[in-house]
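Enquirer: pasting the structure only:
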């Protein structure tokens, strides 16, 4: 049967194929395991003077678009520990299938200015680097099914006059570099999750 106002069989077949693809995609997403991603923890020696939600938000965004998991948006407060898994605060709450617990184990922001030989210029390089240790925990038995470290970085280089050679972070767009580091980290997390066999 041809679609309304259409007398092109190839066109109709194309529409049907698109509908089938959408249905298959919806089915795949609905059958995907659910994952809960709590706020990043950090080791006591790690010093970050800004909200680290930017990293988790980017990771959630990447996972959502990958269809690897369904994001679990809970309505309860949970106690999360990388050794013991997810503990519910309400006996009637529904667990996600997995939780991804991340702990920042190393963080640095570096600003390096170097004179360029035989010129009156200097290079001004600013970089942000973050290393996070992850545990993927299956909640039905609290088993850690994967452990990995993911790394993210964001950098920027400027050419400045040598008489301005003192380091000055204000010359750089720090929020943009943090966002670059978040994208870099989330890409590495996704690579690690894709290589993990889960049941």
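Expert: That came through fine. These numbers were taken from a predicted model, which means no experiment stands behind them. Residues are numbered from 1 along each chain as shown.

Enquirer: Give me the three-state assignment for the residue lying closest to residue 149 once chain neighbours are set aside.
Expert: Closest residue to residue 149 apart from its sequence neighbours, by C-beta to C-beta, 6 or more residues apart in numbering: residue 133 at 5.4 Å. Where C-beta positions appear, they are placed from N, C-alpha and C, glycine not excepted. Per DSSP: H, G, I helix; E, B strand; the rest coil, the secondary structure class of residue 133 is strand.

Enquirer: Tell me the pLDDT of residue 133.
Expert: Residue 133 is assigned 96 on the pLDDT scale.

Enquirer: For it, which residues are in contact?
Expert: Contacts for residue 133 (C-beta atoms under 8 Å, 6 or more residues apart in numbering) come out as 102-103, 105, 147-149.

Enquirer: Just those: which are in strands?
Expert: 102-103, 105, 147-149 (DSSP state E).

Enquirer: Looking at those, which is nearest residue 95?
Expert: The closest of the ones in strands among the contacts of residue 133 to residue 95 turns out to be residue 102 (C-beta to C-beta; 18.8 Å).

Enquirer: Geometric centre of this protein: which residue is closest?
Expert: Nearest residue to the geometric centre of the chain (C-alpha atoms, centre = their mean): residue 59, 2.0 Å.

Enquirer: can you tell me how far that residue sits from residue 45?
Expert: Distance of residue 59 to residue 45, given as C-beta to C-beta, to the nearest Å: 23 Å.

Enquirer: Over to residue 136?
Expert: Taking C-beta to C-beta, one finds residue 136 at 24 Å from residue 45.

Enquirer: who has more neighbours, those two?
Expert: Each of residue 136 and residue 45 has its neighbours counted (other C-beta atoms under 10 Å); residue 136 has more, 20 against 8.

Enquirer: That one belongs to a helix?
Expert: No. Under three-state DSSP, residue 136 falls outside any helix and is assigned strand.

Enquirer: Could you list the low-confidence segments of this protein?
Expert: By pLDDT under 70, the weakly predicted segments of the chain are 1-30, 74-79, 81-93, 165, 199.

Enquirer: Going along the chain, name the helices of it.
Expert: Using DSSP state H, the helices of the chain run over residues 9-31, 53-66, 174-194.

Enquirer: Also compute the angle for the second one relative to helix 174-194, please.
Expert: Relative orientation of helix 53-66 with respect to helix 174-194: 40 degrees, computed using axes from the mean of the first three to the mean of the last three C-alpha atoms, to 10 degrees.

Enquirer: Output the contacting helices and strands for helix 53-66.
Expert: The contact analysis (3 or more C-beta pairs under 8 Å, 6 or more residues apart in numbering; DSSP states H and E) places helix 53-66 against strand 70-71, helix 174-194.

Enquirer: mind checking how far residue 40 is from residue 110?
Expert: Look at residue 40 and residue 110: by C-beta to C-beta, they are 21 Å apart.

Enquirer: again, but for residue 147
Expert: For residue 147, the distance to residue 110 equals 28 Å [C-beta to C-beta].

Enquirer: Now distance to residue 175 and neighbour count too, for the contacts of residue 133, in TSV please.
Expert: TSV is the format used below for the contacts of residue 133 (distance: C-beta to C-beta, whole Å; neighbours: other C-beta atoms under 10 Å):
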residue	distance to residue 175	neighbour count
102	21	24
103	24	15
105	23	15
147	31	13
148	28	16
149	25	13
